[in-house]
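# here is the input, now give the coordinates:
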Amino acid sequence: MNKVVIHTEYIKLDQFLKLANCVSTGGMAKALLQEGAISVNSEPEERRGRKLYPGDIVNVEGEGSFEVAVAE
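Reported below is the predicted structural model:
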């Protein structure tokens with residue numbers, strides 16, 4: 001599992017996907033979400049504005065799992 005460090009209290013799912021290099025644009029993130037290719041904490045997710053907090057686990061089909069981590 002890869003850790004992706006954020007420097008804020010939370011990050012929106014579409015921004016997180018770009019930060020983790022899973023997608024390069026917001027449109028690509030929206031398409032992945034509509035396909036059902038993304039889950040957060042083992043629950044399917046379709047909202048690109050979903051707030052992610054440190055400790056959340058995002059699974060992206062074909063890319064792997066990513067943990068939201070806080071900067072130390």
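# the lengthiest helix in the chain - contacts with which helices or strands?
Identified as the longest helix of the chain according to DSSP state H is helix 26-35. If contacts are counted by 3 or more CB pairs under 8 Å, 6 or more residues apart in numbering; DSSP states H and E, helix 26-35 sits against helix 13-19. All C-beta spots, glycine's among them, are computed from the backbone N, C-alpha and C.
# how far off centre is the longest helix of the chain?
Centroid separation between helix 26-35 and its chain, computed with CA atoms, centre = their mean, to the nearest Å, is 11 Å.
# buried sites along that helix?
29, 32-33 (16 or more other CB atoms under 10 Å).
# helix or strand right after it?
strand 38-40 (DSSP states H and E).
# what's the closest non-adjacent residue to Phe16?
Leu52 (5.4 Å; CB to CB, 6 or more residues apart in numbering).
# bridging residues for the one you found?
Ile11 (DSSP bridges).
# so how far is Glu9 from it?
10 Å (CB to CB, to the nearest Å).
# for the helix or strand of the chain with the lowest mean pLDDT, output the C-alpha coordinates as PDB.
Using mean pLDDT, DSSP states H and E, the weakest-scoring helix or strand in the chain turns out to be helix 26-35, at a mean of 90. Taking C-alpha atoms only, helix 26-35 is exported to PDB below (Å, rounded to 0.1, in the frame of the first residue of the first chain):
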ATOM      1  CA  GLY A  26     -10.600  15.900 -13.000                       C
ATOM      2  CA  GLY A  27     -12.500  14.400 -15.900                       C
ATOM      3  CA  MET A  28     -10.600  11.200 -15.700                       C
ATOM      4  CA  ALA A  29     -11.300  11.000 -12.000                       C
ATOM      5  CA  LYS A  30     -15.100  11.500 -12.700                       C
ATOM      6  CA  ALA A  31     -15.000   8.700 -15.300                       C
ATOM      7  CA  LEU A  32     -13.300   6.300 -12.800                       C
ATOM      8  CA  LEU A  33     -15.800   7.100 -10.200                       C
ATOM      9  CA  GLN A  34     -18.800   6.600 -12.500                       C
ATOM     10  CA  GLU A  35     -17.300   3.200 -13.600                       C
END
